[in-house]
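[1] Provide a 3D model corresponding to the input given below.
(2 chains)
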Amino acid sequence: MTGARVSSGTAGAAAPARRVAAMVLRYWYLLRGSWPRLLELAYWPTVQMLVWGLLTTHLRGDSDWIAQAAGVLIGAVLLWDVLFRGQLGVSISFLEEMWSRNLGQLFVSPLRPREWIVALMTMSLIRTLIGVVPAALLAAPLFGFNALTMGVPLAAFFANLLVCGWWIALVVTSLILRYGLGAESLAWALVFLLAPIACVYYPVDVLPAPFQWLALALPPAHVFEGMRGVLFGEGFSMAHFAWAAGLNALYMAAAGVFFLRSFDHARRHGALLQQGE
Amino acid sequence: MSDQCAINVERLTKRFNGTTAVDGIGFRVARGSTTGLLGGNGAGKTTTIAMLLGLMLPTDGRIEALGHDMLANRYPALARMNFSSPYVDLPARLTVRENLRVYGRLYGVRRLGPRIADLARRLDLAELLDRPTGKLSAGQKTRVALAKALVNAPDLLLLDEPTASLDPDTADWVRGYLESYRAEHGATILLASHNMAEVERLCDDVLMMKRGRIVDRGAPAALIARYGRDTLEQVFLHIARAGEAAPREAAQ
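    Predicted coordinates:
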C-alpha cells in the first residue's frame, strides 16, 4: 500500500514534536494572515500601560506608597497582562478550531490531545510575547520604568503567571468542550473573576481575612506580592515563588486531567463532530 | 482479524440519553474494496463513521481498522486513514496550501512540497493553492477537502456524503477520481451516501442501515436482484418504507 511510502506515520521520537509544530504553524498562519489581529495583541497591553503609567505620574506627588516604587502599578499591569494574554492565547486558539468546525478534521489525524495542549501553550507564549513586550519596551522611555531592572525574578513572575493563565484556559476550554460554544464567554470572563483576589494593584492584607486565604490559595497573589517585594527593595521572596510554583503545578495537573476527561466526554457525546457556530 | 479485512466491527452500539443511534451492528470490509453505507436520515451512518474514526466513543462493541484495535490504540491506524465530510470544515482563513501543509505535517508526510504539488496537479488545485479556503466555491472546497483526505495517501478512506451539494459535473468528476485512486493505490473506501447512482457506480458491497441496524447487505446488483427491482434507489425506498418488518424477509 502506498500510505507507508508517503507518510512516516506516528512512530519515532520526533513524531510528537512534528505534530505540535504542525499545530503551532496552523495558528501562526492564522495570526500572520491578519494584521489587525497582530495589532490588537499589542494594542490593549500598551493602552493599559499608558493609563496606569499616567495615573502613576499623577499620584507620585501625593502618595508615599507610589513614591516608594514608581513602577509598581506599571509592573502590575504588565504582569497582569501576562496572565490575561496567556489565558486568552490558549482559549482563542482553541476557539478558532470550534468556530471553524475543524475539530473533526484534527482528531481523525494522529494528533493526540496532549500534543494539542502543548501546541496551544506554545502559541499562547508567542501571542503573549507579541502583546506584552512592546508595552514593556514603551514603559521605559515614557515613564522611566524598565521591567528588566527586576532581573531574574521577572522571569520567575512571567513564567508563573503564564502557567497560571494556561491552567485557567484549560478549565475554560474543558467547559466549552462539555457545554459547547454557549460557554465561550468564559474565555474572557473567568480570568476577571480572579482579578480581585489576585491582588494585582494592592497587597493581600487589604482583603478581608477570609479572602486573604482564598487569595493565597491561588498563584497570582504570590506573584504580585513577590513583585512588590522586589520593587520595594525587599528582595526576591523564595517563599512566595515556591508557593506560586507549587500551586501552579498542582492546578496545572488537575486542569490537564479535567481537560482530558472533558475531551473523552466530548467523544462520548459526539461533540467533536458537531461543534461549530 | 484477517489480513484481507480492512475494517472489522462487532456488536457496535451507540446510545445517547436512552436513544439507540447504532444498535449492535457487525460487519467486515475487505481490503481494496469500496463499501457503501446506505440509509435514510438518522439511520446511524454518520455515527458509525465517527466511531470508526475514533471521533466518538461507542457504548459497546469492538472496532478494528487496518489490524489495530481502535478503542485501545487508534493512532497507528489513524496515520494510515483519512476522512472527508461536508459536515466538518477546513480552516477558512488559511490558504489551501497552508491547510495542506498543516495536515501533511500532522500525518508525517515525507517530502510534503512535492506531495502537495502532485495533489494540486491531480485535483486541479494549482490555481487555488494560495487562495483562502473559505473563499472557494462548493465544488472547489470539495476538491480541497479531497486533497486533504488524500494528503497521506491513506490505505483506508472514510467519506461521508462525498458529493453532497455538488453539481452533477463536479460530482461525476469526484467519483471518477475516487475510482482511479482506489485502482492506483489499492485503497479501501467506506462511504456513506444518499446518492444511489453513486453507490451503484462505486461500491462492491453495500450495507443497508435503518434505525441503527444493518438490515441487509450485498453487492448493488445482488440487492437489486434480491428485491426484484430495477435500481438501487428502488431497493432503498423499499427498505425505507418496509415498516417494522425485516426488509430482507419482506423482499422474499
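[2] What is the burial count for residue 204?
    Here I'm looking at chain A. For residue A:204, the count of nearby residues is 18 (other C-beta atoms under 10 Å in any protein chain shown). C-betas here are computed from N, CA, C, even on glycine.
[3] wait, I meant chain B there
    Other residues near residue B:204 come to 15 when the count uses other C-beta under 10 Å.
[4] How about residue B:180?
    Counted with other C-beta under 10 Å, the neighbours of residue B:180 add up to 11.
[5] what does residue A:141 give?
    As a burial measure, residue A:141 scores 9 neighbours (other C-beta under 10 Å).
[6] what do you get for residue B:114?
    That count, for residue B:114 with other C-beta under 10 Å as the rule, works out to 10.
[7] Which residue, other than its chain neighbours, is closest to the residue of the stretch 101-250 of chain B found nearest chain A?
    Using C-beta to the nearest C-beta, residue B:105 is the residue of the stretch 101-250 of chain B that sits closest to chain A, at 3.5 Å. With C-beta to C-beta, 6 or more residues apart in numbering or on different chains as the criterion, residue B:105 has its nearest non-adjacent residue at 3.5 Å, and that residue is residue A:22.
[8] any idea which helix or strand carries that neighbour?
    helix A:14-32 (DSSP states H and E).
[9] Could you list every helix and strand in contact with the helix or strand just after that helix?
    Later in the chain than helix A:14-32, the nearest helix or strand by DSSP H and E is helix A:35-59. Contacts defined by 3 or more C-beta pairs under 8 Å, 6 or more residues apart in numbering or on different chains; DSSP states H and E place helix A:35-59 against helix A:14-32, helix A:72-99, helix A:113-143.
[10] what's the model's confidence in stretch A:225-232, averaged?
    The average pLDDT for stretch A:225-232 rounds to 90.
[11] residues in contact with residue 21?
    All of this is about chain A. Under the criterion of C-beta atoms under 8 Å, 6 or more residues apart in numbering or on different chains, the contact list for residue A:21 reads A:119, B:105.
[12] Can you look at chain B instead?
    With contacts defined as C-beta under 8 Å, 6+ apart, the neighbours of residue B:21 are B:14, B:15, B:42, B:44, B:47, B:212.
[13] can you do 7 Å?
    Contact analysis of residue B:21 by C-beta atoms under 7 Å, 6 or more residues apart in numbering or on different chains lists B:14, B:15, B:44, B:47, B:212.
[14] Any regions of chain A where pLDDT drops low?
    Scanning chain A for pLDDT under 70 picks out the ranges A:1-5, A:7-11, A:58, A:60-70, A:274-277.
[15] at 90 what do you get?
    Applying pLDDT under 90 to the predicted model, the residue ranges of chain A that meet it are A:1-14, A:30-77, A:99-101, A:135-153, A:179-196, A:201-202, A:209-210, A:230-235, A:270-277.
[16] which residue is nearest the middle of it?
    By C-alpha atoms, centre = their mean, chain A has its centre lying nearest to residue A:86, at 1.6 Å.
[17] For residue A:118, see how far away that residue is.
    Summarising the geometry, the distance separating residue A:86 from residue A:118, computed by C-beta to C-beta, to the nearest Å, is 14 Å.
[18] on that earlier part again, list only buried entries from the contacts of residue B:21.
    Listed as buried from these are B:14, B:44, B:47, B:212; burial here means 16 or more other C-beta atoms under 10 Å in any protein chain shown.
[19] Filtering those residues by proximity to chain A, which remain?
    residue B:47 (C-beta under 7 Å from any C-beta of the partner chain).
[20] Looking at the buried ones among the contacts of residue B:21, which is nearest residue B:237?
    Closest approach to residue B:237 among those (C-beta to C-beta): residue B:44, at 18.5 Å.
[21] Can you read off the backbone torsions of that closest one?
    As for residue B:44, its main-chain torsions (degrees, to the nearest 10) stand at phi 110, psi 10.
[22] separation between it and residue B:85?
    As defined by C-beta to C-beta, residue B:44 lies at a distance of 15 Å from residue B:85.
[23] same check, this time on residue B:242
    To residue B:85, residue B:242 is 28 Å away according to C-beta to C-beta.
[24] For these two, work out which one has more neighbours and name it.
    Neighbours around residue B:242 and residue B:85, counted as other C-beta under 10 Å, are more numerous at residue B:85. The numbers are 23 against 16.
[25] tell me the contacts of the more buried one?
    With contacts taken as C-beta under 7 Å, 6+ apart, residue B:85 has the following neighbours: B:160, B:161.
[26] Contact residues of the stretch 1-150 of chain B facing chain A?
    Within reach of chain A by C-beta under 7 Å from any C-beta, the stretch 1-150 of chain B has these residues: B:47, B:50, B:53, B:55-57, B:75-76, B:78-80, B:83, B:87-94, B:98, B:101-103, B:105-110, B:115.
[27] Which members of the residues you listed are classed as buried?
    Neighbour-count burial (16+ other C-beta under 10 Å) applied to the residues of the stretch 1-150 of chain B next to chain A gives B:47, B:50, B:53, B:55-57, B:75-76, B:78-80, B:83, B:88-94, B:98, B:101-103, B:105-109, B:115.
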